[in-house]
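**Q** sequence isn't available, so here's the structure alone:
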């Protein structure tokens with residue numbers, strides 16, 4: 001591995017870890033509050049209105065997922081490890097939910113609209129549970145929804161002209177009213193995660 005690429009990877013990893021830890025720390029401080037979307041006395045919120053395109057080519061908004069709990073995760077189809085691992089973990093949890101899986105949506109929002117067309121997303125998410133939906137949009141639409149979730153992402157070019165994407169790894173749990181409940185750690189025993197989520201279905 002070239003030194004420059006190694007430095008970039010290490011720096012990006014530290015940014016991701018820091019952002020995830022900060023979000024989780026804020027959640028711990030506010031876990032008992034009634035409104036899940038408000039995470040600080042300064043009025044900072046997680047989530048909000050958005051307009052994107054799903055992997056079937058339909059235009060959707062946050063209203064399409066109201067009335068149902070949903071997990072939100074930002075990533076991209078060319079992600080070498082974190083994204084497929086997280087979606088595989090989500091699939092295992094959905095399988096554990098059994099008949100209740102139909103009450104939970106998992107939204108995989110691409111932060112790489114340049115490559116992740118609805119067709120590419122559809123092919124990608126079809127490798128996982130049917131309750132997982134791929135969402136993308138224009139660069140401006142993706143940037144807007146990422147800002148509302150306080151999600152970090154950045155394009156990282158390679159010397160050969162190709163590129164990858166750095167991004168935060170938080171999985172957000174939103175309740176039926178589109179309020180932020182808190183981050184969910186999917187890298188645990190699937191049955192325990194399913195048990196945690198049933199309270200919100």
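**A** Done, it's in. These numbers come from a predicted model, not from an experiment.

**Q** give me the element the residue most central in space within the chain is part of.
**A** For the chain, the residue sitting closest to the mean C-alpha position, by CA atoms, centre = their mean, is residue 73 at 0.8 Å. Assigning secondary structure by DSSP states H and E places residue 73 in strand 69-75.

**Q** ok, back up a step: count of neighbours near the residue lying closest to the residue nearest to the centre of the chain once chain neighbours are set aside?
**A** Distances taken as CB to CB, 6 or more residues apart in numbering place residue 171 nearest to residue 73, at 5.0 Å, with adjacent residues excluded. To be clear about C-beta, it is placed using only N, CA and C from the backbone, and glycine gets the same treatment. Neighbour count of residue 171, defined by other CB atoms under 10 Å: 20.

**Q** what helices or strands is the strand holding residue 73 leaning on?
**A** With contacts defined as 3 or more CB pairs under 8 Å, 6 or more residues apart in numbering; DSSP states H and E, the packing partners of strand 69-75 are helix 82-97, strand 104-110, strand 171-174.

**Q** start to end distance for stretch 111-118?
**A** In stretch 111-118, first residue to last residue: 13 Å (CA to CA, to the nearest Å).

**Q** from the chain's centre, how far out does that stretch sit?
**A** Taking CA atoms, centre = their mean, to the nearest Å, one finds stretch 111-118 lying 15 Å from the centre of the chain it belongs to.

**Q** go through it and flag the buried ones.
**A** Buried residues in stretch 111-118, counting neighbours by 16 or more other CB atoms under 10 Å, are found at 111, 112, 113, 116, 117, 118.

**Q** residue 53 pairs with what?
**A** residue 59, residue 136 (DSSP bridges).

**Q** what sits against it?
**A** 59, 60, 118, 135, 136, 137 (CB atoms under 8 Å, 6 or more residues apart in numbering).

**Q** beta-bridge partners for the residue nearest to the centre of the chain, please?
**A** residue 108, residue 171.

**Q** ok, now which ones touch the nearest residue to residue 174 once chain neighbours are set aside?
**A** If you skip the residues right next to it in sequence, residue 174 has residue 70 as its closest partner in space, 5.1 Å away by CB to CB, 6+ apart. Listed by CB under 8 Å, 6+ apart, the contact set of residue 70 reads 104, 105, 106, 107, 173, 174.

**Q** output those as CSV; include the columns distance to residue 55, neighbour count and pLDDT.
**A** Shown next, in CSV, are the contacts of residue 70 (distance: CB to CB, whole Å; neighbours: other CB atoms under 10 Å; pLDDT from 0 to 100):
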residue, distance to residue 55, neighbour count, pLDDT
104, 17, 22, 98
105, 13, 17, 97
106, 12, 25, 98
107, 11, 24, 98
173, 21, 20, 97
174, 19, 26, 97
